[in-house]
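J.: Only the shape, not the letters, is given here:
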């Protein structure tokens, strides 16, 4: 079953800055840590066919692991990758992620440009542990501006 | 078959940054209303309003315990594929929330 998910943000920035921050090793701790003490490790080979692996989780516990392989690297506009997320409880989420950074010029604040980042993800979810799995599909998009 | 109204409730519950903060906090363990309110710098009634929205979406359950109310993640949330989408969505929402704050912090916004 394929689920479809779109998340959008309007950032007070440029596509270049947003794109670079999205894959920046220094930024990954901030992007993945749900608490300041979480341990995040990111290795990113930013090219088509390159791997991007991020492990993240609280200290002293088995981390979750996200294994990505880039399919498209088009700085600063677009990134596409397959993504296999494996949670410590055995749940696996296999997704195809497309991220785009588009320039929106307009009257926001003092006339600065802004980048709308759009992450579109579709994929399947499976649980390794037993239990009834339900099926469904959904499509949703949200846009949050400020 | 996913009940779309339940899914809509879940997504609208997740659409608010304060409610995402609350879920993130409860992901680390149960908390009372005032424990939630402290770091959010909110009044108890303000937090309760958000908690009620999360409760209706079954993402959070609460229990009265003497004079306090304890909140925890909803018991049903991991049993349904729609909830997994919701949690995955939450992760992406958080990632972009944090991308925004990372950019603000490191560049002060691009002028």
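T.: Great, that's in hand. The shown structure was predicted, so the numbers you read here are calculated from the model rather than taken from an experiment.
J.: In chain A, what residue spans correspond to helices?
T.: A:15-23, A:25-32 (DSSP state H).
J.: For the longest one, which helices and strands make contact with it?
T.: For helix A:15-23, the helices and strands in contact under the criterion 3 or more C-beta pairs under 8 Å, 6 or more residues apart in numbering or on different chains; DSSP states H and E are strand A:78-86, strand A:92-104, strand A:114-126, helix B:81-107. Where C-beta positions appear, they are placed from N, C-alpha and C, glycine not excepted.
J.: Report the secondary structure element holding residue B:22.
T.: helix B:17-26 (DSSP states H and E).
J.: What about contact with chain A: does the helix or strand following that helix have any residue there?
T.: Sequence-wise, the next helix or strand downstream of helix B:17-26 (DSSP H and E) is strand B:31-32. No. Strand B:31-32 stays clear of chain A (C-beta under 8 Å from any C-beta of the partner chain), getting no nearer than 13.1 Å.
J.: got any ranges where the chain has weak pLDDT?
T.: In the absence of a named chain, chain A is used. By pLDDT under 70, the weakly predicted segments of chain A are A:1-3, A:89, A:106-113, A:121-146.
J.: My question was about chain B, not that one.
T.: Applying pLDDT under 70 to chain B flags the ranges B:1-8, B:75-84, B:108-111.
J.: re the thing from before, which parts of the helix holding residue B:22 are buried?
T.: For helix B:17-26, burial by neighbour count (16 or more other C-beta atoms under 10 Å in any protein chain shown) applies to B:19-23, B:25-26.
J.: Buried ones in stretch A:72-92, by neighbour count?
T.: A:73, A:76, A:78-81, A:83, A:85-87, A:91.
J.: no, scratch that, I was asking about stretch A:55-74
T.: Of the residues in stretch A:55-74, A:55-58, A:63-70, A:73 count as buried by neighbour count, 16+ other C-beta under 10 Å.
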